[in-house]
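Visitor: got a sequence here, can you model it:
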Amino acid sequence: MTTLQEYTGALPWMLVAALLAWCVATRRRNVGLVDIFWSLFLLVAALWYFRGQAAPTARALLVLALTILWALRLAGHLALRNWNAPEDRRYQAIRARNQPWFAWKSLYLVFGLQALLALLVAAPLYAGMSAGQPLQLLDYAGAALVLAGIITESVADMQLAAFRAAAANQDRVMDHGLWRYSRHPNYFGEFCVWWGFFLIALATGAWWTIISPLLMSVLLLRVSGVTLLEKDIGARRPGYAEYVARTNAFFPGPRKAA
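Guide: Numbering: from 1, shown residues only. Here you go, the predicted model:
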């Protein structure tokens, strides 16, 4: 079996997971639930790659453990937040643009597409698990960056959840904790996770897996992340313009003078 066949061998199982996610979301009439399953698509890929190793290396075990930690933490957080929430505005807009029969179209426009994107993002997971070299300093640096990203995401998500839970904060802007230094510290944490996985893959010589962190960076900064989220948030939260003027958009840094 060629390297490409081994790498893409996870796709059928990822598509099965996407089909199951579509069934759940269609039943609940909420396509936004796909966000819960995104990290699980990548976990399916990681488990497939790990299964293909006759004698798993220390690097394969490391990559699998980090993927499980990241995927279950993110899926659990989003399930608690989104399961009973209305469909996100982003998906409402997609639904409106693709009527009639959006329920069927969403199978490939949303769920199939995300499974394909997840396959590209999974490149460092495959490279890290399939290489036989012993662990190097770059592996440890990558693992540290992945863990730092997971911790950053977790803390930012908990801080925002606590802020939103207070009725007095309904129209206010979250500018405390990690949110004081970045307008999107949770996205920055995700950015760190995938550049960390790339460093682990790079330790094996798999430079081509840079497609994964580059794709995630574009998605987080320009597509479904910062740019899209901030498109209309100023209209909904009056203090957001001042927050933008004082706080870095993505990379954490000191607050600017008013």
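Visitor: can we go C-alpha only for contacts and neighbour counts from here?
Guide: OK.
Visitor: assess the claim that residue 252 and residue 189 are in contact.
Guide: No - counting by CA atoms under 8 Å, residue 252 does not reach residue 189; the two are 10.3 Å apart.
Visitor: more neighbours, those two?
Guide: The residue with more neighbours, out of residue 252 and residue 189, is residue 189; 24 against 17, by other CA atoms under 10 Å.
Visitor: for the more buried one, give me the pLDDT.
Guide: pLDDT for residue 189: 97.
Visitor: isn't it up against residue 149?
Guide: Yes - with contact defined as CA under 8 Å, residue 189 reaches residue 149; the gap is 3.9 Å.
Visitor: for the closest residue to residue 184 other than its chain neighbours, helix, strand, or coil?
Guide: Leaving aside its chain neighbours, residue 184 sits nearest to residue 250 (5.5 Å; criterion: CA to CA, 6 or more residues apart in numbering). With DSSP: H, G, I helix; E, B strand; the rest coil as the basis, residue 250 sits in coil.
Visitor: which ones are touching residue 250?
Guide: Residue 250 sits next to 182-185, 187-188, 226 when contact means CA atoms under 8 Å, 6 or more residues apart in numbering.
Visitor: minimum pLDDT in these, which residue is that?
Guide: On pLDDT alone, residue 226 ranks lowest of these, at 81.
Visitor: quick one, phi/psi of the residue nearest to residue 184?
Guide: When read as degrees, to the nearest 10, the backbone of residue 250 gives phi -140, psi -70.
Visitor: ok, it to residue 242 distance?
Guide: Distance of residue 250 to residue 242, computed by CA to CA, to the nearest Å: 16 Å.
Visitor: cool, residue 161 as well?
Guide: Distance from residue 161 to residue 242, by CA to CA: 22 Å.
Visitor: just residue 202 next, same as before
Guide: With CA to CA as the criterion, residue 202 and residue 242 are 41 Å apart.
Visitor: looking at those two, which is more packed in?
Guide: Using other CA under 10 Å, the more surrounded residue of residue 202 and residue 242 is residue 202, with 20 against 12.
Visitor: just the pLDDT at the more buried one, thanks.
Guide: 97.
Visitor: contacting residues for it?
Guide: Applying CA under 8 Å, 6+ apart to residue 202 gives the contacts 138, 209.
Visitor: heads up, I number from 17, so please use that
Guide: Understood, numbering begins at 17; the last thing we discussed is residue 218.
Visitor: phi, psi for it please.
Guide: phi -60, psi -30.
Visitor: equivalent analysis for residue 271, please.
Guide: As for residue 271, its main-chain torsions (degrees, to the nearest 10) stand at phi -70, psi 150.
Visitor: got the contact list for it?
Guide: With CA under 8 Å, 6+ apart, residue 271 has these contacts: 196-197, 262-264.
Visitor: now that we have these, which one has the most neighbours?
Guide: Ranked by neighbour count (other CA under 10 Å), the contacts of residue 271 have residue 263 at the top, with 23 neighbours.
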